Structures are given as C-alpha cells and as structure tokens.
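Student: quick one, fold the following:
(2 chains)
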Number of protein chains: 2
Amino acid sequence: MGEFDLIQRFFQRPAHRSPLGVGDDCALLAPRPGMQLAVSSDMLVQGRHFLPDVAPRLLGHKALAVNLSDLAACGAQPLAFTLALALPHSDEAWCQAFSEGLFALAEAHDCELIGGDTTQGPLTICITVFGEVPSGQAILRSGAQVGDDIWVSGTLGDARLALDALQRQHMLPPPVLAQARQRLEAPTPRVALGQALRGIASSALDVSDGLLGDLNHILHASHVGASIEVATTRPLLAASHHPLLRAMASSRIDACTLAGGDDYELCFTAPHAQRSAVAAASQASATPVTRIGTIEAMPGIRIFGPQGERLQQRWPGFDHFA
Amino acid sequence: MGEFDLIQRFFQRPAHRSPLGVGDDCALLAPRPGMQLAVSSDMLVQGRHFLPDVAPRLLGHKALAVNLSDLAACGAQPLAFTLALALPHSDEAWCQAFSEGLFALAEAHDCELIGGDTTQGPLTICITVFGEVPSGQAILRSGAQVGDDIWVSGTLGDARLALDALQRQHMLPPPVLAQARQRLEAPTPRVALGQALRGIASSALDVSDGLLGDLNHILHASHVGASIEVATTRPLLAASHHPLLRAMASSRIDACTLAGGDDYELCFTAPHAQRSAVAAASQASATPVTRIGTIEAMPGIRIFGPQGERLQQRWPGFDHFA
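Tutor: Predicted coordinates for the structure are as follows:
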C-alpha cells in the first residue's frame, strides 16, 4: 500500500468544525471571535516514549492523550490536530489499530484530524494539537502566588511503577501490573477539569516528567517556592492500596509519586479562598483532586514527612539528555 | 547540556506577534478578525529527506522552508511555527548551526517559533507552521477549471540532479553540482508569489514529490486533466544551460523536471484572462513563472514533445512506501 492510499484509508476523515481538513497543502482553522488558539506539539519516539511491543491501538490513544493533556493544562477546549508519522514500512494492520485508538480518543473530545505528513523512517509520532480558550483566560505556569494551595488531579506514579516492572527492574503481581500498566499505556487527559479550572486556578501544567521536576517549572515561572507533604502524595500511588503491595517501602512510593513521569495529571495552584470552587470543578468534571502542599516565598521545594520532618532526598525530574 | 538548557539556549526567543510563545504547556495564537489560520506539518527524517552529512545550518533552513512552501501554496502569510526535534545526543555545535539556519529564514519571513518539543532519538525534525489568510481566500487544489493555464515558478529538477550526483548515480562537473546542490539543500519557499496569486490563481500546490505526481493532486481534486509541453519544462532545469552540460539527454532532463522532487516551487492554474495578472504577481514578488500547459476535461496528463508528438514514457511521482 502506497503513501497516499495509506493516508486516505486510515487517516482521512471529513472535517466538520474546521473549514478545510486533510488533503490540501494546508488545513484551515477559524477560531471563534474572542477566542485564542492554544497550540502544543509533542514527539513520541520508539524506545524512548514507548516500548517496541506496545499495542498500536494504545499507542494511538497515548500519542493524542499527551497532547490533549497540554491543552487541559491551559484550560483549552480541544478543536483539531495534525499527525506526522514516520513508519519503518507500510503496515496496514498497524495503521488500522493505531488509527482506531487515535480516533476513539479524538472523537471522545470532538477533536478532528485536519492534516499531517506520512513518511518512512524509525517509528516516530508527532502530533500538534489545537484548542480554543477565551482571550486572556488561558491558565499559565506563571500565575502561582505565595499562600496558594498546590493540587494534583487523579493518581501519581503508577505509570512509572509499571514501566520499571516491564523493564524488569522489579516484579509486580500480575493484577497490580495490569492496573498500573493501564496508567502507563492509556493515560487520561484531564480536559474537562482543565476547562473547569479557568478563573479558579492561578497556574497549572501537566505532569509528564515527574511531579517535582514539573512543579519546578511553575515555581521558576512564578518566582516562588513550595512545600509538599508526602502524607498527601503517598496515597496517590494507586498500586500502594492493593492488598498484595501494602508493605511497599515509602522510598519506593515517593520515587514513583514525586518523580515518576508519564502521569499526565494536572498540577495546579489556587488561592485558599478557591477551595470550594476547586471542589466544585473536581465534581463537575468527575476528576478527583488532592491538595498536596503550599506555595511559599522561599525558592525551591521543601518536602515534609508524615511526622513533619524535612526529607532531604533528591528526586531528579526526567531530562531527555541528562 | 540538558534538555531544558538546550531549549533555552538555542530555541527560546521572545514572541512578538503571538500572545504566548515557548515555555508553557501551550503557545497561544490570535489570528486577526476576518482571518483564517492555515496550518501545515512536515516531518523530515535523516537518510530519507536529507543526507547524514548535510550541514546543520542548511538543514535548519530547509526544515522550515518546506513548511513555508505549503503556506505559500495556499497564499497564506507566515505567522509562527512549532518545532519538535529528536536528536541522537545533546550536540551544542549542531544545535547552534541548525538554529542559525532556522532563525535566519524565520526572521526573513517574520515567522516566530512559539513552541515545540525536544527529545532523544534518531535525528527527526517535525515543524508545524501557521499562516494567516483572509477568510475564504486560501488557494486550494480543487479550483482548476478546463481551459486554465498551468504555471510553475522558478526552476525545476536541479535538486534531483544534485541528489543523484551526491548518491553517485552520475557525475556532475563541480561548479554545476555546487549550483544544483544549492537548490537541494537551500530551497526558496515562494511565499511572496503565493500571496500575490490570491484572487488570480484558481488552484495551487507546492512541488515536493515531482511535478507530474503533484500536478495529479490538483487534477484529482479538481476533476480535470492536463496537457504539458516539454518544450516549456526542459529549459526549467537550470543546470541544462551550463556550457558543460549543453548536451544533456532530453530523457534525463525530463526525469529531473517532470518527476524530480524536492523543488519547492509552486505549480498553479489560472484562467487565460488572468495572464497579465499572473505576470504582475510574478514581477511584484520577483519570482519568475513559466506557462507549461493547459487544463483539459479528459482525466490524466498528456505530455507533448517539441514537435507536438505525444510522449508515452511514465514518470512516477515520489511515494514514501512505493
């Protein structure tokens, strides 16, 4: 199957909301009056962002999910995306499964494929996603204020726990691995929560490289520091509640929740006075949120143990070239 | 040098026209009222789109040029772009040279880098570019009408001639190779011509996979056919005018001009009544154009030799999986 047949068969669907979709030199987008366009681009490389044996259907889901997660962090509503795909060879079964996973998530968020590129090369996926946000209302990294609460959505660390098990760094009981692996391979972008937090959160980002490293981006952009309590973060590792893993060492839990990566949860800050508004946004979007710490004036992140003692261990964030 | 230092040092510049540039989860774009946003995405893979030993400065130019060429084909004015980059390792000298070539072309077109992604992997470059076009005025592939003239900008085939020489399929005299190689490694996106053709051209695209293959996209989209005269296309191979290559076989010239690829010229159609307007657009944009044929009702492309004889040879277009 040639390049153009492959595009037509698996990656060309009529555009409904955009003036022009796949098939011309450019696609056309027309944001509504009063709206800004939020844009994010992520590249996924085999062996780096996903294992060679991952199911292509899950990979299609994840490739779009990590981009929708960036829109969620800004409070934007998904509109459309482009897909650039390098494939080692023209593989119809792979494309079929990949496109099913991709479009299932796209349709759930009413986000349409409007263009892209297909080429031969080492398996690489680059999606650029577009969302709408009312002018001036995007949630940025730079808005955190001293005294704000620090929140995270959902659960943290299970993706890392699963990755370490799949890479044979430790063993997990099969039912625990299956549950954690779901978080690694099919993350849930917190799109509804992000939109519900507009006007409430003072800053936000999505946790992709580990909580502490990503929180640091907010702190740098906002010129503030933070304190975090592990009594609030440790329960966020879903696997730690499993009967088979009740005795998991706290050091291992902290490594996963504080510096795991691949979580695609939102970390956000909001003034103390917005606690009930945060709770309402959580309920409206059916997304649990947990308060894990406080923004402070002193730069850096201070981490406190269950008895209020300061923990001194370092958990570096993920860096592709470190 | 780590991932975030590398981004900050080589790929982070203040955004002037966009509300938010590099450094948050999303960038923000705000098209002016009455404007649509034209979007195009191209992925370049080492060994497929460029040779491993290409100068990184030229690669930076070309990676953006091929995307600007798509905006040109739609008649859009460049605004901004995102860059997703997979690098085998953190190479400061490479990033320095690549970013110089990239930003030199970006600044020449007032097109700013607003976001992207950097990761480790086989050298792969994915740029998504954004341009503005007045609503409803984008030049599409689907507008060609029977009787329209077919035009191309600039020269055709020299990139292919150079590529074949670099891959040792034939020898070229060094000064000829140097000239042709310039076309392969530093193509000129026809941005000003594309905008000047709004309201004049009935259809357009950029020639990247070979003239005939790309023209076929216009013909399919417009439900028409075409005739082409090689008397008009053969002189478009610049190298064929070189004193050292005067005796070049016409079959070789046709292979380069009709099916060469990597030209990044515009192929467009316009009604006979617009000939003087096309000439004016050519002059206003300082971009030569050549009339090479006519749109006809009968599907397919018919190619005629210098004596009006029908040529029967086939020149397949480039297909990444053929």
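
Student: host element of A:Ile139?
Tutor: Following DSSP states H and E, there is no helix or strand that holds A:Ile139.

Student: and A:Ala231, what is it in contact with?
Tutor: Contacts for A:Ala231 were tallied using C-beta atoms under 8 Å, 6 or more residues apart in numbering or on different chains; they are A:Gly305, A:Pro306. Placement of C-beta: from N, CA and C, glycine included.

Student: let me know the secondary structure of it.
Tutor: helix (DSSP: H, G, I helix; E, B strand; the rest coil).

Student: now do it against chain B, distance only.
Tutor: 28 Å (C-beta to the nearest C-beta, to the nearest Å).

Student: for A:Arg190, same thing?
Tutor: Relative to chain B, and taking C-beta to the nearest C-beta, A:Arg190 is found at 12 Å.

Student: tell me how many other residues crowd that residue.
Tutor: For A:Arg190, the neighbour count with other C-beta atoms under 10 Å in any protein chain shown is 27.

Student: residues contacting it?
Tutor: A:Ser69, A:Ala72, A:Ser153, A:Gly154, A:Asp206, A:Tyr264, A:Glu265, A:Leu266, A:Ser285, A:Thr287.

Student: one more time with 6 Å
Tutor: When contacts are counted by C-beta atoms under 6 Å, 6 or more residues apart in numbering or on different chains, A:Arg190 touches A:Ala72, A:Ser153, A:Leu266, A:Thr287.

Student: repeat that for A:Arg160.
Tutor: Contacts of A:Arg160 (C-beta under 6 Å, 6+ apart): A:Cys256, A:Gly260, A:Gly261.

Student: just checking, A:Thr290 is part of a strand?
Tutor: Yes - with three-state DSSP as the criterion, A:Thr290 is located in a strand.

Student: and it, what are its bridge partners?
Tutor: A:Val152 (DSSP bridges).

Student: pretty sure A:Pro19 sits against A:Ala30.
Tutor: Yes - using C-beta atoms under 6 Å, A:Pro19 is in contact with A:Ala30, at 5.4 Å.

Student: please name the nearest non-neighbouring residue to the residue nearest in space to the middle of chain A.
Tutor: Nearest to the geometric centre of chain A sits A:Tyr264, at 2.4 Å (C-alpha atoms, centre = their mean). In this structure, A:Tyr264 finds its nearest non-sequential neighbour in A:Pro187, 3.9 Å apart by C-beta to C-beta, 6 or more residues apart in numbering or on different chains.

Student: likewise A:Gly21?
Tutor: A:Gly21's closest residue in space is A:Ala15 (C-beta to C-beta, 6+ apart), at 2.9 Å.

Student: so who does the one you found touch?
Tutor: A:Gly21, A:Glu112, A:Ile114 are the contacts of A:Ala15 under C-beta under 6 Å, 6+ apart.

Student: just give me the neighbour total for the first one.
Tutor: Okay, so that is A:Gly21. 19.

Student: gap between stretch A:142-151 and the chain center?
Tutor: Put simply, stretch A:142-151 sits 20 Å off its chain's centre (C-alpha atoms, centre = their mean, to the nearest Å).

Student: I would like the residues contacting that stretch, please.
Tutor: A:202-203, A:218, A:221-222, A:224, A:226, A:268-271, A:289, A:291-293, A:295, A:297.

Student: any of these buried? List them.
Tutor: Buried residues within these, counting neighbours by 16 or more other C-beta atoms under 10 Å in any protein chain shown: A:202-203, A:218, A:221-222, A:224, A:226, A:268-271, A:289, A:292-293, A:295.

Student: before we move on, the earlier item: in a markdown table, list the contacts of A:Arg190 along with neighbour count, pLDDT and secondary structure.
Tutor: Output for those, formatted as a markdown table (neighbours: other C-beta atoms under 10 Å in any protein chain shown; pLDDT from 0 to 100; DSSP: H, G, I helix; E, B strand; the rest coil):
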| residue | neighbour count | pLDDT | secondary structure |
| --- | --- | --- | --- |
| A:Ala72 | 35 | 97 | helix |
| A:Ser153 | 27 | 98 | strand |
| A:Leu266 | 28 | 98 | strand |
| A:Thr287 | 21 | 97 | coil |
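
Student: ok so, going back, in helices only, show me the contacts of stretch A:142-151.
Tutor: A:Ile218, A:Ala221, A:Ser222 (DSSP state H).

Student: quickly note the distance from the second one to B:Leu87.
Tutor: Using C-beta to C-beta, to the nearest Å, A:Ala221 is found at 25 Å from B:Leu87.

Student: for the last one, same thing?
Tutor: Noted for A:Ser222: a distance of 30 Å to B:Leu87, by C-beta to C-beta.

Student: picking up where we left off before, just give me the neighbour total for the residue nearest to A:Tyr264.
Tutor: When neighbours are counted by other C-beta under 10 Å, A:Pro187 comes out with 23.

Student: isn't there a strand covering it?
Tutor: No - using three-state DSSP, the assignment for A:Pro187 is coil, not a strand.

Student: all set, thanks.
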